[in-house]
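Enquirer: Next one to model:
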Amino acid sequence: MTNQKGISRSDLIAFMALLMSLGAVIIAVKQTQILKSQQEIMASQQEGSVWPHVTTATRLITKNGRQEIHIAIENKGVGPAKIKSCNIISEGVVLSDYKTLLQKLVEYQPENLSFGDASNRVMAPQESFDILKLELPVPIPHEVFAELLGNIEICYCSIYDQCYGDCEE
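Expert: Okay, the predicted model is just below:
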């Protein structure tokens, strides 16, 4: 049955079906975009729920004319930290062992020196690890000590291998 304008009912029904199919495709694409966005949010929330945050803590304690120096790294984050490297830098040079440090501190007569290597270590949240403990019978001025040690460079990663700190790319 063709009406006078040339559009049959079956053509009209086919056109309506085409519009409905097109609408379904648009809705499916939009839903896929929303799901992808939600997955990205969930992934970032997962990473945030195990985020490590490693810092250094230095304590200079003077008792009875003697001085104790403690340098530690601490994981202040909510997830474990995989320590890739931890270096004490003095005057632009990495202090690779306690002998180098002893040579730098010889005038202060260092005693009871312990030098801990934190590289390739996994630290739990709120865990602390001493990288240097030192006793000196002659107190060292804080400014001299800070100049001798310079800074501490730490590269650490989350369990998702998201790395932070002084990491080489």
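Enquirer: got the contact list for stretch 100-114?
Expert: With CB atoms under 8 Å, 6 or more residues apart in numbering as the test, stretch 100-114 has contacts from 88, 90, 93, 95, 98, 115, 130, 132-140, 148. Heads up, the C-betas are built off the backbone N, CA and C, glycines and all.
Enquirer: In strands only, show me those.
Expert: Counting by DSSP state E, the contacts of stretch 100-114 place 88, 90, 93, 115, 130, 132-136 in strands.
Enquirer: so what's I89 closest to, chain neighbours aside?
Expert: Spatial nearest neighbour of I89, excluding adjacent residues (CB to CB, 6 or more residues apart in numbering): G150 at 4.5 Å.
Enquirer: What's the end-to-end length of stretch 145-163?
Expert: 29 Å (CA to CA, to the nearest Å).
Enquirer: for it, which positions count as buried?
Expert: 145, 148-149, 152-158 (16 or more other CB atoms under 10 Å).
Enquirer: I'd like the residues you listed laid out as JSON lines, including pLDDT, distance to I73 and secondary structure.
Expert: Shown next, in JSON lines, are those (pLDDT from 0 to 100; distance: CB to CB, whole Å; DSSP: H, G, I helix; E, B strand; the rest coil):
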{"residue": "F145", "pLDDT": "77", "distance to I73": "17", "secondary structure": "helix"}
{"residue": "L148", "pLDDT": "75", "distance to I73": "18", "secondary structure": "helix"}
{"residue": "L149", "pLDDT": "75", "distance to I73": "14", "secondary structure": "helix"}
{"residue": "I152", "pLDDT": "88", "distance to I73": "7", "secondary structure": "strand"}
{"residue": "E153", "pLDDT": "90", "distance to I73": "11", "secondary structure": "strand"}
{"residue": "I154", "pLDDT": "92", "distance to I73": "6", "secondary structure": "strand"}
{"residue": "C155", "pLDDT": "94", "distance to I73": "11", "secondary structure": "strand"}
{"residue": "Y156", "pLDDT": "95", "distance to I73": "9", "secondary structure": "strand"}
{"residue": "C157", "pLDDT": "94", "distance to I73": "14", "secondary structure": "strand"}
{"residue": "S158", "pLDDT": "92", "distance to I73": "16", "secondary structure": "coil"}
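Enquirer: ok, the residue nearest to I89 to E91 distance?
Expert: Noted for G150: a distance of 6 Å to E91, by CB to CB, to the nearest Å.
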